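Chemist: Sequence and computational prediction follow.
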There are 2 protein chains.
Amino acid sequence: MNEMTNITPEQSTGVSALLADYVLSSRLEDVPEAVRAEAVRTWLNWVGVAVGGCRHESIDIVFEAFAPFAGVGTTSILGRSEKTDPLQAALINGISSHVFDFDDTHLHTVIHPAGPVAAAITALAEHKQVTGAEFLHALILGIEVECRLGNAVYPDHYDVGWHITGSTGVMGAAMACGKLLGLSAQQLRFALGIAATQSSGLREMFGSMCKSFHVGNAAKNGLMSALLASKGFTSSEQAIEAKRGWANTLSTKQDYAEISEGLGETFVVSLNTYKPFACGIVIHPAIDGCVQLRNEHGLKAGDIERIDLTVHPLVLELTGKAEPRVGLEGKFSIYHSCAVAIIHGKAGEAQYSDSAVNDPTAIDLRRRVHPLVDEHMPKASVKIVVTTRDGRTLEKFIEHALGSLEKPMTDAQLDAKFTDLCEPILGSAGTDKLIQSCRTVETLTDVTNLIALATISQKSSE
Amino acid sequence: MNEMTNITPEQSTGVSALLADYVLSSRLEDVPEAVRAEAVRTWLNWVGVAVGGCRHESIDIVFEAFAPFAGVGTTSILGRSEKTDPLQAALINGISSHVFDFDDTHLHTVIHPAGPVAAAITALAEHKQVTGAEFLHALILGIEVECRLGNAVYPDHYDVGWHITGSTGVMGAAMACGKLLGLSAQQLRFALGIAATQSSGLREMFGSMCKSFHVGNAAKNGLMSALLASKGFTSSEQAIEAKRGWANTLSTKQDYAEISEGLGETFVVSLNTYKPFACGIVIHPAIDGCVQLRNEHGLKAGDIERIDLTVHPLVLELTGKAEPRVGLEGKFSIYHSCAVAIIHGKAGEAQYSDSAVNDPTAIDLRRRVHPLVDEHMPKASVKIVVTTRDGRTLEKFIEHALGSLEKPMTDAQLDAKFTDLCEPILGSAGTDKLIQSCRTVETLTDVTNLIALATISQKSSE
């Protein structure tokens, strides 16, 4: 047990039961309004990235692999017209929502909280009538369980090699589904245990399709855990804290106070952040600064003589790809990212397509970007000096980028991100309707109405 | 890396590729006949335990939990009339085969090798015509991959808390299915990686339904991995040996020589063992000895004054339940086990039913069993002294129990175990036919004929 732990082993033996009791007894009316509002933003952002990612090659592969074996489709795939069974739907919607690396982030643990939980309860909501309030509550609780478990084992658990979104997400998803299924305290302990014993996902998979698979798999397996527990399938009731339980087997650090302290009083979803730019978070300050300079001075690509950046060494280490050839490489290029920030005033998924990185204007401009490393520059910050062809020197220091906890995206910015992702798939009117439905989720009598807005009807797709 | 490792890091980076290349290039004709014969015994034993376990409560729960969401059933459940989709079938057949703790054991790692692999390829064989020879070959290869991976990380991996049958079985299942699907070398590396990143299963779950769930889940997820890889789903190609790959993340020991040395020359299935008695292996010497004394001397319960046992302390520690009240407790009672060995001449699943442990004759006799611990007695051995009411003193020393590597079950004994398990479900003639089909599996042109014999036709069950 970690030195920081300030509860005794006797008390710590109860964290599995504690989480189950909390999920059982929590009432939405006890969740502060500001927390619910942040959960709505989390939900909106998640629907946007799930719809946006739905045409990725990996989704097609999942369909193709299981098509010969599929039964009657009953459950929606966001952004698409096909239906499938609820477990596959949870898998696919989870993959889709993470495939652009554009989903939400709990910065302390680098967990992407919404994916496993939202994908699981979205699939479940088509099989059991769920009000918007119940749905939002389950989302909040699932994220709470997931991130508290993550806090208890981070950083050791992550450092050794676990993709923490997968390894904790399965338990968050199970508890959220368990809440919607009306499980008893014991059934919730069983669901937590069935999920814990499926906890998996290796960081070694980063860069392959398995990375987003982890998110979908956590959703699917979490949903399965709750369904099994609802019928009496048993597991250990001390799955987290037992000697050979989850925390000891998957981590060398176990700080159970991170699970118990303030449970029901503070809410992790309040700490959620959303990416304004579809790339690694370390480039965000530079993009944010370039977009601001562009907008403040009406800059165009042809105006720029050079862009000098001062960044922490880690930034260039992670994103120093000077000549990206495909879209994915562009996400690891601070050169390309600053170029599109000036040209387009944004760095969404469209700015990281294969054609975007091969656009001659972007190629010319990215070669004028000159990063300089300075170990005294904070990782979250950047200094930008733009020299224009007409001799001006424009400076900008970004302490914290847009999308950070210190400078969160506004609702309007979230809507704009959502629109960028969804409009090509759902159309303009459909996107607006869906935004409206997501923003008012808490008032819905049946979430399936919202889910229908996030899919393409069979008729219109044929 | 472990000190025992005698290959360099450069070489070790290749074990994922090595396993994939081996599975791709292996030909059944290169597998010695004795190995194939042992694989047939492994297969026979597995079918027997899978059919035998099919009516367990946990199977009914899985059906009930997923029934509202199920599509068209296409794939058989051994011992039952229902059909389901192939992934659920792999799950259920895997659970069923482990639910009595009566399946095969690779003694060095305590992996139960057949479960994950056989359950996966049995489900797949109903969707792709597979000859008996191809099927047996895939079983041999899957077990080879599974147990070599287990050897590479045992004991650390097991000691920290992993249920090694689940955590390695998923990869064995993936590679066996990959062989049957005709995957390329790269697809096999992908399948191995997709499986590795789902590796899971906690020992904390022992004593709950999750224990056998691990076996079925490994089968299901291994099958899924191979299906995904067959369509181009990508993973790391160094899933096992990478810095944040499977071996480093799930174990503090990584002995890659256990994977590479003798690959293709020695076969782990040769070391497989089968339980003659449906309880923990530490009681087996005592049961074996009691059965032998019974048969040699025509003993009946009423003849016995007392039974004195000398056992290693661990034996009594694990199986010292003097007054079991339910069947499961009987499995942890050396008293009950010796009693049924005398009364019935066997200790199969039927001897561990709730009614069997409450049988007055068994209760009377088990109270006459007196174990004495002696730390000099090997764990695998027992000394038995039976004192009869007519004053005889009958002694038996068992060095290695029936079912050990030193004293394997004969084919006839395996058939008798199979019959005990299957006859109540398939009937006498059906059981005989199925034994015959399992024993000649290598000659079958289509394994589905065998699978059909292991199920109950819809008509006959209605």
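Modeler: Looks like it arrived, so ask away.
Chemist: residue in the stretch 351-462 of chain A nearest to chain B?
Modeler: In the stretch 351-462 of chain A, the residue that lies nearest chain B is residue A:448 (15.2 Å; CB to the nearest CB). C-beta coordinates here come from the backbone N, C-alpha and C atoms, glycine included.
Chemist: residue contacts, that residue?
Modeler: A:125, A:126, A:129 (CB atoms under 8 Å, 6 or more residues apart in numbering or on different chains).
Chemist: So which of those residues wins on neighbours?
Modeler: Tallying neighbours with other CB atoms under 10 Å in any protein chain shown puts residue A:125 at the head of those, with 25 neighbours.
Chemist: What count of nearby residues applies to the closest residue in space to that one that isn't next to it in sequence?
Modeler: Spatial nearest neighbour of residue A:125, excluding adjacent residues (CB to CB, 6 or more residues apart in numbering or on different chains): residue A:447 at 4.4 Å. Residues lying near residue A:447 (other CB under 10 Å) number 25.
Chemist: and residue A:447, what pLDDT?
Modeler: If you check residue A:447, the pLDDT there is 98.
Chemist: Surely it is in contact with residue A:131?
Modeler: Yes: taking CB atoms under 8 Å as the definition, residue A:447 is a contact partner of residue A:131 at 7.2 Å.
Chemist: quick one: contacts for residue A:17?
Modeler: Taking CB under 8 Å, 6+ apart as the test, what residue A:17 contacts is A:185, A:189, A:237, A:238.
Chemist: List the buried residues in the helix or strand containing it.
Modeler: Using DSSP states H and E, residue A:17 maps to helix A:15-25. By neighbour count on 16 or more other CB atoms under 10 Å in any protein chain shown, the buried set for helix A:15-25 is A:15, A:16, A:17, A:18, A:19, A:20, A:21, A:22, A:23, A:24.
Chemist: nearest residue to the fifth one other than its sequence neighbours?
Modeler: Going back to what we said before, that points to residue A:19. Setting aside the residues directly before and after it, residue A:19 is nearest to residue A:145 in space (CB to CB, 6+ apart), at 5.6 Å.
Chemist: Now that we have the contacts of residue A:448, can you turn them into JSON lines and tack on pLDDT and secondary structure?
Modeler: Formatted as JSON lines, the contacts of residue A:448 follow (pLDDT from 0 to 100; DSSP: H, G, I helix; E, B strand; the rest coil):
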{"residue": "A:125", "pLDDT": "97", "secondary structure": "coil"}
{"residue": "A:126", "pLDDT": "95", "secondary structure": "coil"}
{"residue": "A:129", "pLDDT": "93", "secondary structure": "coil"}
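Chemist: Pick the one among those residues closest to chain B.
Modeler: Chain B has its nearest neighbour among these in residue A:126, at 9.9 Å by CB to the nearest CB.
Chemist: Do I have it right that that closest one meets residue A:77?
Modeler: No: taking contacts as CB under 8 Å, residue A:126 lies outside contact range of residue A:77: 11.0 Å.
Chemist: Could you pull out the residues contacting both of the two?
Modeler: Any residue near both residue A:126 and residue A:77 by CB under 8 Å, 6+ apart counts here, and that gives residue A:89.
Chemist: leaving aside the residues next to it on the chain, what's closest to residue A:224?
Modeler: residue A:87 is the one closest to residue A:224 (CB to CB, 6+ apart), at 6.1 Å.
Chemist: Which helix or strand contains that neighbour?
Modeler: Element membership for residue A:87 (DSSP H and E) is helix A:86-98.
Chemist: can you check residue A:329 too?
Modeler: Assigned by DSSP H and E, residue A:329 falls in helix A:327-330.
Chemist: The helix holding residue A:87 - what's its average pLDDT?
Modeler: Averaged across helix A:86-98, the pLDDT comes to 96.
Chemist: quick one, what contacts the residue lying closest to residue A:373 once chain neighbours are set aside?
Modeler: Excluding the flanking residues, the one nearest residue A:373 by CB to CB, 6+ apart is residue A:313, at 4.4 Å. Contacts for residue A:313 were tallied using CB under 8 Å, 6+ apart; they are A:373, A:374, A:375.
Chemist: Dump these into a markdown table; add neighbour count, pLDDT and secondary structure as well.
Modeler: Below are the contacts of residue A:313 laid out as a markdown table (neighbours: other CB atoms under 10 Å in any protein chain shown; pLDDT from 0 to 100; DSSP: H, G, I helix; E, B strand; the rest coil):
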| residue | neighbour count | pLDDT | secondary structure |
| --- | --- | --- | --- |
| A:373 | 15 | 97 | strand |
| A:374 | 12 | 97 | coil |
| A:375 | 7 | 96 | coil |
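Chemist: which residues of chain A fall in strands?
Modeler: Assigned by DSSP state E, chain A shows strands spanning A:75-76, A:83-84, A:105-106, A:272-273, A:304-311, A:369-373, A:382-388, A:393-398.
Chemist: Take those strands and write them to a markdown table, including distance to residue B:102.
Modeler: Shown next, in a markdown table, are the strands of chain A (distance: least, CB to CB, whole Å):
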| stretch | distance to residue B:102 |
| --- | --- |
| strand A:75-76 | 37 |
| strand A:83-84 | 36 |
| strand A:105-106 | 45 |
| strand A:272-273 | 49 |
| strand A:304-311 | 62 |
| strand A:369-373 | 63 |
| strand A:382-388 | 64 |
| strand A:393-398 | 65 |
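Chemist: out of those strands, which comes closest to residue A:197?
Modeler: The minimum distance between residue A:197 and the strands of chain A falls on strand A:105-106, with 23.4 Å, by CB to CB.
Chemist: which helices and strands does that closest one pack with?
Modeler: Contact analysis of strand A:105-106 by 3 or more CB pairs under 8 Å, 6 or more residues apart in numbering or on different chains; DSSP states H and E lists helix A:132-153, strand A:272-273 as its packing neighbours.
Chemist: Can you say which of the ones you listed is packed in most?
Modeler: Most buried of the helices and strands packed on strand A:105-106, by mean neighbour count (mean count of other CB atoms under 10 Å in any protein chain shown): helix A:132-153, with a mean of 26.
Chemist: now it and helix A:15-25, what's the angle there?
Modeler: Helix A:132-153 runs at 160 degrees relative to helix A:15-25, counting by axes from the mean of the first three to the mean of the last three CA atoms, to 10 degrees.
Chemist: Show me where the stretch 251-400 of chain A has its helices.
Modeler: Remark: helices assigned in the stretch 251-400 of chain A by DSSP state H, counting those that start in this stretch are A:257-260, A:284-297, A:313-319, A:327-330, A:334-344, A:354-357, A:360-366.
Chemist: Please name whichever of these is nearest to residue B:104.
Modeler: Nearest of the helices of the stretch 251-400 of chain A to residue B:104, taken as CB to CB: helix A:257-260 at 39.2 Å.
Chemist: What is the closest one packed up against?
Modeler: helix A:15-25, helix A:132-153.
Chemist: and with 10 Å instead?
Modeler: Secondary-structure packing of helix A:257-260 (3 or more CB pairs under 10 Å, 6 or more residues apart in numbering or on different chains; DSSP states H and E): helix A:9-12, helix A:15-25, helix A:132-153.
Chemist: Now do that helix, average pLDDT.
Modeler: Confidence over helix A:257-260 (mean pLDDT, whole number) is 97.
Chemist: Would you mind listing the buried residues in that helix?
Modeler: Using 16+ other CB under 10 Å as the test for burial, helix A:257-260 gives A:257, A:258, A:259, A:260.
Chemist: Could you do stretch A:317-327 as well?
Modeler: Applying a neighbour-count criterion of 16+ other CB under 10 Å, one finds A:319, A:321, A:324, A:327 buried in stretch A:317-327.
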